Each structure stands twice: as structure tokens, then as C-alpha cells.
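[1] Need the 3D shape of this:
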Amino acid sequence: MPPEPIPTTNPASNGRTRTPGGVLLLSCYESGHQPLGLAWPAAFLRAAGFSPVSQDLALERLSPEAVRAAALVAISVPMHTALVLGVRVARRVRELNPACHIAFHGLYAALNGPHLPPGVADTVLGAEAEPELVALAQALAAGTEKAAGHARTNAPRPPGRVAFVPPDRQALPPLARYAQLLPAGGAEPVAAGYVEASRGCKHRCLHCPLVPVYRGRFFAVPRDQVLADVERLVAGGAGHITFGDPDFLNGPGHALALVRALHARFPGVGYDVTTKVEHLLRHRALLPELAATGCRFVVSAVESLSDAVLTALDKGHTRADVEEALALTRRAGLVLRPTLLPFTPWAGLPDYLELLEFVAAEGLVHQVEPVQFSLRLLVPPGSALLDTPQFAPFQGAPDAEAFTCRWRHPDPRMDALQARVAGIVEAATADGLPPEDTFRAILAAALEAAGQPDRLTPLLAAAPPAPPAPRLSEPWFC
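    Numbers count the residues shown, from 1 in each chain. Below is the predicted model:
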């Protein structure tokens, strides 16, 4: 955690760090974009008459003055990394202000409420919790809710539909400090804004943290509110919009109407979306219009090319579907950017090599972020995988500090390779190596692990050129 700064005030608080009700909103990590885990709660709280102070701790250092002034500190934990960092932040908050009420909210709060260390949180609210956060702030301000020491860290109830209000971004750092679109061909980076047109997901992929929380439900954000949010982002310099919905095509009618309106209002602004492979196949007729309305790329959770792995994860697609989705997006003029989960208990070394060979043969080296080749299955408490017979043979002891269930691969070479690939990616990122050099190093490591180092040169020589592809400067992963 970075050192504490000289105490500062929040620009949205008109020079004051103590606000009505004393609410401090903190976000630890939301992967390169302005955190909606701050912006949406801030909007709900302002509508209720509060003036919350916000800090994005991915870019800003925790202000002791703001902590000491707060009666309520709400920590957003929508991702696993954010949860781990959030616990550290909460302990520091407790040191600075033992009397304040600490609340955790977000997806990983819902999963891990019962597993938080004693004394870290007084309340756990989970997902879709903005109205409950407002009610908690009101109760604290009225003196009907106790501050620290009145823990309610039971698992939050399933999320329900909330009456959305547009996110309030006025206290967040400017877009220039977040991820940018890097166009193909070396053009100048473009500031990227981040919005969500829906929350939750109707699908039930077993490894996904949304499944035990949302249980197959998703909630659409009113189109006029999304467009109003986009308008503010464009006014703030955004030339590209990331739709961060877990699956943009969960509601295809809502999605298509939204991008049509976006393109009509801001024809020069591009966007990217995330959707499942099965949706690319089912809604293939929509793909050309996505391209025509400015979609720069589509992210899709391919995860694996092994049908055994895809079945174990209940992904809803096969390798053949992946190949068809790639062909469909290419014909539509869209760039497909797969995300991967190559290290699972069911994928062996041949599967990993097959994945790398596919990426090389299809010219996808610039369409797959190098970090994707290093990702290992994460099984947090409450994961739907924990109740399945396919995971049971590999399940180890829970790791309380890491908020995960440990597992070992039946082939020790795979765990060793994962560690090595992670090291390659980390070093390459630090050195600013181009994707093709990083891919070559990863492929060499995998072939060495398989005892086939002589295949490296012919494999790369046979691969077609990998054309540059647009991407964000900070890729998404948990």
C-alpha cells in the first residue's frame, strides 16, 4: 500500500473533509477505469442529502484526515484483488478512526462476508446495495445505528432491482489517469470512459463469482441514464466507451437500442463490449451493426479450447463454437479479444500447447493480452464450483487470508509452468515488451516443459502474421 499523503480535501466537498453524516467512499481496485463502485454510491448518497468524500486508492493515497472525519467508511470490493486490498485498508482505517462504522459492499463482499477477519467490517452489504448504504448512512446520522463494534457480517441477501440514478463522477480523478484505447497502427491513445448498461448476469458458468450472488438474474440500467453518463464522459474527453457489463448481450434489444443511440449522438466515439461466445453465435445477425456503430472490439470469455474443461465450467460453448465465433466476428469486421483461463485442474500440458498453437495459427497474438496466458482458476468462498463433483478431487484447504480455496494440479509441471509464465508476463510488462516477444517467451517455456523445445522455430515460422489490433492500455482481469 502506498504511503499516506499530506491530508487533502475532496474537491466535491467544497473544501470540507467532514460532510453531513461523515461518509467516506473508498475503492481499492477496479482494473483501470473510473470506479462505479464509488460513482454510483456517491450519486445515491447525494440524492439523499449527503456529501460523501470519495477516494480511488488505485490512484490516490489514503487521507488520514478524511478517515478521521468519517462516521461511515464504505469500501467497494467488486473484484478479488479489491477485497484483499480492502481488508488492508480497513485495518488502517480502524487504526486511524476506531469509532467509525466500516461497511464493505460489492460482488466480493457478498461472497466473502462470513469470511472477513474479525473486526474488519461492521456491515457487509453485497451487490446492488446502494439503497442499503444510504439507509445505513441515515441511521448513523440519526444515531439509530451504532458505529464500530456492532458487526453484521452475515452473508447479504440476494440482490434485487434498484431504482437507478446516474453515476456521480465529479469527485473521481480525470479520465487521463485511467486506461486508454490504444488504436491499431500506432495512432495516438484515446481517453476511454467506462459505463455499465446492466448489472448481474443470467448465465451460470460455474467458476464465475456472479453466479452465487446474482443466481441467474440481471438488471438493465435505463437507457437514458446510460446515455447521460456517456455524455458526461465525452464532455470530459472520452473518445471511446467501454461497456463493462458482465454480458452486454444478456438483453440484446436493450443493447442494440443503446449503441444505435450512442452512434447517432456521438458518431466519432467508438466502444467495446463483453459477451459470451454463445451470444456471438445466437445473435450473429447483430454483429455487422455493432461494427457499423463503432464497436472497436468484442471481449469474450473463451477460457479454453478443451471441451472437457468447458464442460467442467459449464461455459455453454465448445471449441467448434469458438472457431465459428472467430469467423463470424471477422466477417462482420469486428476484432475478437478472447479472455482465457488456461490453468485449471482439468487442462493438461497438451491442452496448453494446443491453445498457444491455435493463437499463433489464427494470427491472434495481438488480440490476446499476455496476462491471459498466465491465469489460474480462482475458487473463492461461495463459488458454485465448490458444490460440484468435478472439482471435489482437487479441492484443498481454504486460504483465509487470500479468500480462496487452494487446489493443486495433478500434473506438477502445470503448477510450475503457471508460475513461470506469470513471471514472464510480469517481467515483459515491466520492460514494455511487445506482445509477440512475450508470446514467443511463453511458447518457449511451454515447449520446454513438454520436452519439445525444437518445435519453437518451425511453429512460429508457419504462423501467419499477427496484425495489430485495438486494445485498452490496462486489460481486465480479476
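
[2] how does the chain divide into domains?
    Following automatic domain parsing, one finds the domains of the chain at 11-142, 175-472.

[3] right, and the ones you listed - which one's nearest Ala163?
    Proximity to Ala163 (Cβ to Cβ) singles out domain 11-142 among the domains of the chain, at 7.8 Å. Quick note: C-beta positions are derived from backbone N, CA and C, even for glycine.

[4] from the chain's centre, how far out does that closest one sit?
    On the basis of Cα atoms, centre = their mean, to the nearest Å, domain 11-142 sits 18 Å off its chain's mean C-alpha point.

[5] mind listing what's buried in stretch 237-254?
    238-251, 254 (16 or more other Cβ atoms under 10 Å).

[6] got it, and stretch 46-59?
    Arg46, Ala48, Phe50, Ser51, Pro52, Val53, Ser54, Gln55, Asp56, Leu57, Ala58.

[7] residues contacting the last one?
    Taking Cβ atoms under 8 Å, 6 or more residues apart in numbering, we find Ala58 in contact with Ser27, Cys28, Tyr29, Glu30, Pro35.

[8] same thing with the first one?
    Counting by Cβ under 8 Å, 6+ apart, Arg46 makes contact with Pro52, Asp168.

[9] What strand or helix carries it?
    helix 36-47 (DSSP states H and E).

[10] Can you list the helices and strands that the next helix or strand after that helix packs against?
    Following helix 36-47 in sequence order, the next helix or strand is strand 53-56 (DSSP H and E). Secondary-structure packing of strand 53-56 (3 or more Cβ pairs under 8 Å, 6 or more residues apart in numbering; DSSP states H and E): strand 23-27, helix 36-47.

[11] how does it look with 6 Å?
    strand 23-27 (3 or more Cβ pairs under 6 Å, 6 or more residues apart in numbering; DSSP states H and E).

[12] Is Ala264 within a helix or a strand, and which one?
    helix 252-265.

[13] can you count the residues close to Cys405?
    Counted by other Cβ atoms under 10 Å, the residues lying close to Cys405 total 20.

[14] Surely it touches Pro398?
    Yes: between Cys405 and Pro398 there is a contact under Cβ atoms under 6 Å: 5.2 Å.

[15] So which bits of stretch 316-325 are buried?
    Quick answer for stretch 316-325 (16+ other Cβ under 10 Å): His317, Thr318, Arg319, Asp321, Val322, Glu324, Ala325.

[16] on that earlier part again, what comes up buried for the helix holding Ala264?
    Buried-residue list, helix 252-265, by 16+ other Cβ under 10 Å: His254, Ala255, Leu256, Leu258, Val259, Ala261, Leu262, His263.

[17] pretty sure Ile75 is in a strand, no?
    Yes: under DSSP: H, G, I helix; E, B strand; the rest coil, Ile75 sits within a strand.

[18] Contacts only, for it.
    Leu26, Gly86, Ala90, Phe104 (Cβ atoms under 6 Å, 6 or more residues apart in numbering).

[19] Which of those residues sits closest to Ala191?
    Nearest member of those to Ala191, counting by Cβ to Cβ, is Leu26, at 24.2 Å.

[20] Name the residues that touch the lengthiest strand in the chain?
    With secondary structure taken from DSSP state E, the chain has its longest strand at strand 295-303. With Cβ under 6 Å, 6+ apart as the test, strand 295-303 has contacts from 270-274, 277, 315, 322, 334-339, 341, 470.

[21] Let's see that with 7 Å instead.
    181, 240, 270-277, 280, 310, 313, 315, 322, 325, 329, 334-341, 469-470 (Cβ atoms under 7 Å, 6 or more residues apart in numbering).

[22] Stretch 417-437 now?
    343, 365-366, 370-371, 373-374, 376, 438, 441-442, 445-446, 449, 466.

[23] So which of those residues sit within helices?
    Thr438, Ala441, Ile442, Ala445, Ala446, Ala449 (DSSP state H).

[24] Considering those residues, which possesses the most neighbours?
    Neighbour counts for those peak at Ala446, which has 25 neighbours (criterion: other Cβ under 10 Å).

[25] Was I right to think that one contacts Leu356?
    Yes: if you go by Cβ atoms under 7 Å, Ala446 and Leu356 touch, sitting 5.9 Å apart.

[26] burial of Val213, as a residue count?
    For Val213, the neighbour count with other Cβ under 10 Å is 24.

[27] how about low-confidence regions in this structure?
    1-21, 146-158, 476-478 (pLDDT under 70).

[28] hey, which helix is longest across it?
    From DSSP H, the single longest helix across the chain is helix 412-431.

[29] ok now do Ala39, which residues does it touch?
    Counted by Cβ under 7 Å, 6+ apart, Ala39 has contacts Pro167, Asp168, Arg169, Leu172.

[30] sorry, back to before: need the CA coordinates for the helix holding Ala264. PDB is fine.
    The C-alpha trace of helix 252-265 is given here as PDB (Å, rounded to 0.1, in the frame of the first residue of the first chain):
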ATOM      1  CA  PRO A 252     -29.900  -7.800 -26.900                       C
ATOM      2  CA  GLY A 253     -32.800  -5.300 -27.600                       C
ATOM      3  CA  HIS A 254     -31.600  -3.000 -24.800                       C
ATOM      4  CA  ALA A 255     -28.000  -3.300 -26.000                       C
ATOM      5  CA  LEU A 256     -28.700  -2.600 -29.700                       C
ATOM      6  CA  ALA A 257     -31.000   0.400 -29.000                       C
ATOM      7  CA  LEU A 258     -28.300   1.800 -26.800                       C
ATOM      8  CA  VAL A 259     -25.400   1.600 -29.300                       C
ATOM      9  CA  ARG A 260     -27.700   3.000 -32.000                       C
ATOM     10  CA  ALA A 261     -28.400   6.000 -29.900                       C
ATOM     11  CA  LEU A 262     -24.800   6.300 -28.900                       C
ATOM     12  CA  HIS A 263     -23.600   6.300 -32.500                       C
ATOM     13  CA  ALA A 264     -26.300   8.800 -33.500                       C
ATOM     14  CA  ARG A 265     -25.400  11.200 -30.800                       C
END
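
[31] following that helix, which helix or strand comes up?
    strand 270-274.

[32] CA atoms only for that next one - export them in PDB, please.
    The C-alpha trace of strand 270-274 is given here as PDB (Å, rounded to 0.1, in the frame of the first residue of the first chain):
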ATOM      1  CA  GLY A 270     -16.200   4.100 -30.500                       C
ATOM      2  CA  TYR A 271     -16.900   1.400 -27.900                       C
ATOM      3  CA  ASP A 272     -16.100  -2.100 -26.800                       C
ATOM      4  CA  VAL A 273     -18.400  -4.700 -25.300                       C
ATOM      5  CA  THR A 274     -18.100  -8.100 -23.500                       C
END
